[in-house]
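Colleague: Below: sequence and its predicted model.
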Amino acid sequence: MKDYIKLGGILFIIAAVASGILAFVNNVTSPIISENQLLNEQSARNEVLPDAVKFEEVDSEIVYYIGFDKEDNVVGYTFVAEGSGYSGVLHTMVGVDTEFKINRIKVILQSETPGLGANSENPEFTDQFNGRIKDELAVDKDGGEIVSITGATITSRAITESLSSMMKVVALDLETSHNDTFVENEEVK
Amino acid sequence: MSSFKELTKGLVKENPVFVMALGLCPTLATSTSIVNAVGMGLAATFVLLCSNILISMIKDLVPSKVRIPCYIVLIASFTTIVDMLMEAFVPAVHKSLGVFIPLIVVNCIILGRAEAFASKNNVWNSALDGIGMGLGFTLALVVIAFFRELLGTGQLLGFQIAPLSYQPVLVAILAPGAFLTLGLIMSIISIMKKKSQSGQEIRG
Amino acid sequence: MNIFALSVSAILVNNFILSRIMGLCPYIGVSKKLDSAFGMGMAVIFVMTLASTITWIIQHYLLVPFNIGYLQTIAFILTIASLVQFVEMVIQKMAPALYKSLGVYLPLITTNCAVLGVSIININDGLSFIESVLNGFLGGVGFTLVLIIMAGLRERLEKADIPEHMQGMPIAFILAGSMALAFLGFSGLKI
């Protein structure tokens, strides 16, 4: 019995020291990681809605941003549509104008097959979405106009459907809750 | 064994991938491009070096019965450190390598060297062994990635090498390409070995 | 949650060995004889299922609430090491012949990328508890399937006339590559 306690004790000490060191490294690196993430999201927002010079976060049931120009006029909205692709989650940043027509999209997170689903990041695929409204979003295989990537139907469909449903959710939220739920979180370009 | 030999044995003669067939999963999965190969190779080398050194330092303090779990905790810690550092400082490579970064902890090479070498040798030699094996691993990854990236995308390091009319063999950067490339390279090595052996016999 | 769709995905489309490239060491090492391949497969199914279960619980009830997500690798691998130790003892008692034939490859299940891999994938893909357990089980089934097919092929290969420089490892990998190519055909499967 004493043997086991001694063995367990040594393992425990090593694990405890290891955890301590990891906690330290975590404290050092996690602010850098969050900072990177914020910067990436910000630059994606600017890419999909270039006319906006500042963004205000709306934090209701879902998170989205309202884009304003220099004179504080609303130029559009940005949000992230999430879907499940072939080999993991898909995150697409969407910028829409005031009439809820897509300005531009950017796939910001994907782990699809290189050469197939991963090509969803290319403008050949994403440019198709420019100018569309939420009812014009379906892939060709489902009777719509979006041309799927060859050999990546699942990825194409997942992105398209995630855009369609997220646009509907954001539009609904704007109509119902409107100005009541703003969170003061201005970002200057 | 001289220090130089300790360092270089892992590069060719005892190459962990081509000779000892260790660490196959990350080799086949991350050799899709030279950048990924170097990223994974260096990350694994870092973990291997640190774990070899530390395990060699504490080898007399850890009772034999509980040594494997202890080694695993140490290797897992260094793996986590490398994971966090890569996510903070090279996020693009971190994203490409994905789940294979935490999987460095189950890379047979690392636990294998800990058990076979670091637990029985001094710190200096263990460090050299770690560097040598790690670089050998990296070398193997880069060799495989060279062929897969070139054939599969027509590019090397992101630069277009093949003429634009080249239709890339997509399968090369997918799973089947990994297996086939490794199999072919191993058969070439087998031929080279036979030639050097018969050469030695003739020379007597 | 469609069980059939999950099965097709975990066993065929995203097969751990031929598609995700995880679990290769036992694949190359144990797949020479049909019996040991089958035995190894059963052990792996058991470990993958249990590992998926326990690691999911650890992630959601320990690591996340206490904000120690960075301890995931250590916690998961220690869990798996203990599980394998446990399975080893059980097999030694209940099936000593199998224990002998698996030899050193049984404790090596700890370093099987597929076991740790499925645990992490369950978390990264945001699967629910039931989905994770199923993914572990079905992933193991897919692993066993490929192992058995490979063993059957390699037993046949013993009698074939293989060029000298291809014998052993090279032909095993070429065989695996051909199988992976075949499995690639599942990738467009729509349920």
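Modeller: Received the coordinates, thanks.

Colleague: In contact with the residue nearest to residue B:139 when sequence neighbours are not counted: list those residues for me.
Modeller: Computed as CB to CB, 6 or more residues apart in numbering or on different chains, the closest residue to residue B:139 that is not its neighbour in sequence is residue B:11, at 6.2 Å. All C-beta atoms are positioned from the backbone trio N, CA, C, and that covers glycine. By CB atoms under 8 Å, 6 or more residues apart in numbering or on different chains, the contact set of residue B:11 is B:132, B:135, B:136, B:139.

Colleague: How about the secondary structure of the second one?
Modeller: Looking back up the chat, that one is residue B:135. Under DSSP: H, G, I helix; E, B strand; the rest coil, residue B:135 falls in the helix class.

Colleague: Please give me every residue in contact with it.
Modeller: Applying CB under 8 Å, 6+ apart, we find residue B:135 in contact with B:10, B:11, B:41, B:45.

Colleague: Same check on the first one?
Modeller: Going by CB under 8 Å, 6+ apart, residue B:132 touches B:6, B:7, B:8, B:9, B:10, B:11.

Colleague: ok, back up a step: let's see which of the contacts of residue B:135 end up in helices.
Modeller: Counted as lying in helices by DSSP state H, out of these, are B:41, B:45.

Colleague: picking that back up, can you list the contacts of residue B:132 in CSV and add distance to residue B:114?
Modeller: Output for the contacts of residue B:132, formatted as CSV (distance: CB to CB, whole Å):
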residue, distance to residue B:114
B:6, 16
B:7, 18
B:8, 20
B:9, 17
B:10, 14
B:11, 20
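
Colleague: out of those residues, what pair is the most spread apart?
Modeller: B:6 and B:11 (11.3 Å; CB to CB).

Colleague: Spell out which parts of chain A neighbour chain C.
Modeller: Taking CB under 8 Å from any CB of the partner chain as the contact definition, chain A meets chain C at A:15, A:18-19, A:22-23, A:25-26, A:84, A:86-89, A:113, A:151, A:153.

Colleague: Please repeat the previous calculation with a cut-off of 7 Å.
Modeller: Where proximity means CB under 7 Å from any CB of the partner chain, the interface of chain A facing chain C comprises A:18, A:19, A:22, A:26, A:87, A:88, A:89.

Colleague: Residues in a beta bridge with the last one, which ones?
Modeller: In this case it means residue A:89. In this entry, residue A:89 is beta-bridged to residue A:84, by DSSP bridges.

Colleague: Can you give me the neighbour number for it?
Modeller: 16 (other CB atoms under 10 Å in any protein chain shown).

Colleague: How confident was the prediction at it?
Modeller: Looking at residue A:89, its pLDDT stands at 82.

Colleague: Can you show me the helices along the chain?
Modeller: Defaulting to chain A. In chain A, the segments counted as helices under DSSP H are A:2-48, A:123-126, A:153-176.

Colleague: The chain in question should be chain C.
Modeller: Under DSSP H, chain C gives helices at C:3-7, C:24-30, C:34-58, C:72-94, C:96-102, C:113-124, C:129-157, C:169-184.

Colleague: coming back round to it: what's the closest of the helices of chain A to residue B:61?
Modeller: Nearest of these (CB to CB): helix A:2-48, 7.8 Å.

Colleague: so who does the residue in chain C that chain A sits nearest to touch?
Modeller: Closest approach of chain C to chain A (CB to the nearest CB) occurs at residue C:70, with a separation of 4.5 Å. Neighbouring residues of residue C:70 by CB atoms under 7 Å, 6 or more residues apart in numbering or on different chains: A:22, A:26, B:80, B:84.

Colleague: now do residue A:103
Modeller: Taking CB under 7 Å, 6+ apart, we find residue A:103 in contact with A:48, A:49, A:76, A:95, A:96, A:97, A:130.

Colleague: who touches the closest residue to residue B:32 other than its chain neighbours in this structure?
Modeller: Spatial nearest neighbour of residue B:32, chain neighbours left out: residue B:173 (4.6 Å); criterion: CB to CB, 6+ apart. Taking CB under 7 Å, 6+ apart as the criterion, residue B:173 is in contact with A:114, A:115, B:32, B:148, B:152, B:153.
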